[in-house]
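**Q** Give the three-dimensional model of this entry:
(one chain, ligands or ions: 2)
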Amino acid sequence: MERVPTTPTAEPEPEREEEAMPMPNLVQELAAAAGVKQELPPTRYVRWGQQHHGGGGVSPVVANQLPEPIPVIDLSRLPSDALEAAKLQTALQDWGLFLVINHGIEASLMDAVMNASNQFFEQPPEEKQKYSNLIDGKHFQVEGYGNDQIKTQDQTLDWSDRLHLIVGPEDKRNLAIWPKRPESFRFALEEYTSKSKRIKHIILAAMARLLDLDEGYFLHQFGDRAPTTVRINHYVPCPRPDLVLGFKAHSDDGVLATLLVDNDVSALQVLKDGIWYNVPTNPRSLLINIGDFMEIMSNGIFKSPVHRVVANCEKERTSLAMFYGLDAEKEIKPAADLLHDNQPARYKKVKIRNYMAGFYEHFARGTRVLDTMKI
Ligand SMILES: O=C(O)CCC(=O)C(=O)O
Ligand SMILES: [Fe+2]
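**A** Ligands and ions are numbered 1, 2, ... in the order given. Predicted structure coming up:
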């Protein structure tokens, strides 16, 4: 079974033709270009030696089925129902991710934000390039439309394009980089952002109660200036899904992430005890992912799960992840009330700014910055 971090093996590269044209850093354009009919995707996207399933274009989404379904938490019951809280505890300890239903976001709003996101990606490249994450075509910034930052020449890129936006605090929204088309995009994303906040509150209060901490313990870490960011991932079909990943293995930065995924294309996988499991889609529910900051603050009681997205050769897929981060100047450490003589701190104190700097370095290499913070 593949493990994280993954390192390319010395397996020989299959023979392939060189690309005739310079490679655009956008997977949608690559896929649309005639060159994609060649059997192999461009080298930069290929994970040599990491073939994750079979080969020959067999859809990799048929991996291990979960030994039990991903826990589904009824958010309307979570504040008062002990059984629901117990379910949450199991979900957090076993998987670090779970689904929520009765979350208070109307189906029409979920559809609106997904449709607007899909419509953005369906537009011609010139329109999308207006929001590029490359300033002057070369200087990378996290916010905007594009792919990963290229940190090294041998870095393997993901078979997907992304749109990354700051949605909170409101005065930090860089509206110049928010798509103007489709026109519905801005309103849908604003509405979705404002309704998602309540979900974060209910879950973080319940998590604090599970640890016998003050109910506001995690919520108080945010203050007014904590950033909330959105990453909209657009996965394009790939002729050799066995050779690429839609999104490399990673754990999320931030305290918590909510994930809105396509209703019918399942592609997300989670790693548990060295085995990858498919996370099935569940229309109208939201997936909640624990982030690295929570793993640190809970002293490892709640795990930030390693996950990845596999490609397929037929269907497009879009997902929208909302990350609840913390202020760059803040320091986090395991909650003092969780530490005892026989339960010492398992993570160092870390400033968010330093964590984030390390995060992007590690992310590009497919390793985890969190591992460097363990004691
Ligand atoms: O597309 C997905 O299902 C997951 C996306 C993800 O993990 C992320 O944006 O951090
Ligand atoms: Fe993620």
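**Q** Which strand or helix spans the nearest residue to residue 67 once chain neighbours are set aside?
**A** Leaving aside its chain neighbours, residue 67 sits nearest to residue 277 (7.8 Å; criterion: CB to CB, 6 or more residues apart in numbering). Just so you know, the C-beta spots here come from the backbone N, C-alpha and C atoms, and that holds for glycine as well. Assessed by DSSP states H and E, residue 277 sits inside strand 275-278.
**Q** top helix in the chain by residue count?
**A** Identified as the longest helix of the chain according to DSSP state H is helix 184-210.
**Q** what's the spacing between that helix and its chain's center?
**A** In terms of CA atoms, centre = their mean, to the nearest Å, the centre of helix 184-210 is found 16 Å from the chain centre.
**Q** For the helix or strand of the chain with the lowest mean pLDDT, name the packing helices and strands.
**A** Per-element confidence for the chain was summarised using mean pLDDT, DSSP states H and E. The lowest value among helices and strands belongs to helix 27-32, with a mean of 82. Contact analysis of helix 27-32 by 3 or more CB pairs under 8 Å, 6 or more residues apart in numbering; DSSP states H and E lists strand 160-168 as its packing neighbours.
**Q** Tell me the strands beside the strand it packs on, with direction?
**A** For strand 160-168, the pairing partners within the sheet under DSSP bridges are strand 144-146 (antiparallel), strand 228-235 (antiparallel).
**Q** Quick check: phi and psi at the residue of the chain found nearest ligand 1.
**A** Ligand 1 sits closest to residue 319 of the chain, with a gap of 3.2 Å, by CB to the nearest ligand atom. Dihedral angles of residue 319 (phi, psi; degrees, to the nearest 10) stand at phi -140, psi 150.
**Q** That one - how many residues pack around it?
**A** Neighbour count for residue 319, taken as other CB atoms under 10 Å: 24.
**Q** Quick one: check stretch 366-375 for contact with ligand 1.
**A** No - using CB under 6 Å from any ligand atom, we find that stretch 366-375 stays clear of ligand 1, coming within 13.1 Å at best.
**Q** Residue numbering should commence at 2 henceforth.
**A** All right, first residue 2 from here; so that's stretch 367-376.
**Q** Tell me how far residue 239 lies from residue 294.
**A** Applying CB to CB, to the nearest Å, the value for residue 239 to residue 294 is 32 Å.
**Q** which of the residues in the least confident helix or strand of the chain are buried?
**A** If you call a residue buried by 16 or more other CB atoms under 10 Å, then helix 28-33 has these buried ones: 28, 29, 30, 31, 32.
**Q** Enumerate every residue touching the residue nearest to residue 108 when sequence neighbours are not counted.
**A** Closest residue to residue 108 in three dimensions, ignoring its sequence neighbours and counting by CB to CB, 6+ apart: residue 285, at 5.6 Å. Applying CB atoms under 8 Å, 6 or more residues apart in numbering to residue 285 gives the contacts 102, 108, 111, 264.
**Q** Buried by neighbour count, from the residues you listed: which ones?
**A** Among the contacts of residue 285, those classed as buried by 16+ other CB under 10 Å are residue 111.
**Q** for the contacts of residue 285, which one is nearest residue 350?
**A** For those, the residue nearest residue 350 by CB to CB is residue 102; the value is 36.8 Å.
**Q** wouldn't the closest one be in contact with residue 71 here?
**A** No - taking contacts as CB atoms under 8 Å, residue 102 lies outside contact range of residue 71: 11.8 Å.
**Q** surely the residue nearest to residue 68 meets residue 65?
**A** Yes - Residue 278 lies in contact with residue 65 (CB under 8 Å); the separation is 5.1 Å.
**Q** What residues does the stretch 202-351 of the chain have near ligand 1?
**A** 232, 234, 248, 253, 260, 262, 269, 308, 310, 320, 322.
**Q** Provide the count of other residues in contact range of the second one.
**A** Other residues lying near residue 234 total 24 when counted by other CB under 10 Å.
**Q** Kindly report the same for the fifth one.
**A** Other residues near residue 260 number 21, with proximity taken as other CB under 10 Å.
**Q** ok, and the closest non-adjacent residue to it?
**A** If you skip the residues right next to it in sequence, residue 260 has residue 288 as its closest partner in space, 4.1 Å away by CB to CB, 6+ apart.
**Q** From residue 86, how far out is that neighbour?
**A** Taking CB to CB as the criterion, residue 288 is separated from residue 86 by 19 Å.
**Q** higher neighbour count, the two?
**A** Summary of the neighbour comparison: residue 288 and residue 86, criterion other CB under 10 Å, with residue 288 having more neighbours (22 against 17).
**Q** Does the more buried one touch residue 257 like I think?
**A** No - with contact taken as CB under 8 Å, residue 288 and residue 257 are classed as non-touching, separated by 11.2 Å.
**Q** possible to save the strands paired with strand 161-169 as CSV with mean pLDDT?
**A** Compiled in CSV, those are given as follows (pLDDT from 0 to 100):
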stretch, mean pLDDT
strand 145-147, 94
strand 229-236, 97
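**Q** for this protein, what spans make up the helices?
**A** 28-33, 83-95, 108-123, 126-130, 185-211, 293-298, 353-366.
**Q** Among the ones you listed, which comes closest to residue 375?
**A** Nearest to residue 375, of those and by CB to CB, is helix 293-298 at 9.3 Å.
**Q** what's the distance between that closest one and the middle of its chain?
**A** What separates the centre of helix 293-298 from the centre of its chain is 16 Å, taken as CA atoms, centre = their mean.
**Q** I'd like the average pLDDT over that helix.
**A** Confidence for helix 293-298, expressed as mean pLDDT, is 98.
**Q** which residues are contacting it?
**A** Outside helix 293-298, the residues within contact range by CB under 8 Å, 6+ apart are 208, 219, 222, 252-257, 303-305, 326-327, 333-336, 348, 351, 353, 356, 360, 369-371, 374.
**Q** so of the residues you listed, which ones are in strands?
**A** When strands are assigned by DSSP state E, the members of the contacts of helix 293-298 inside them are 257, 333, 351.
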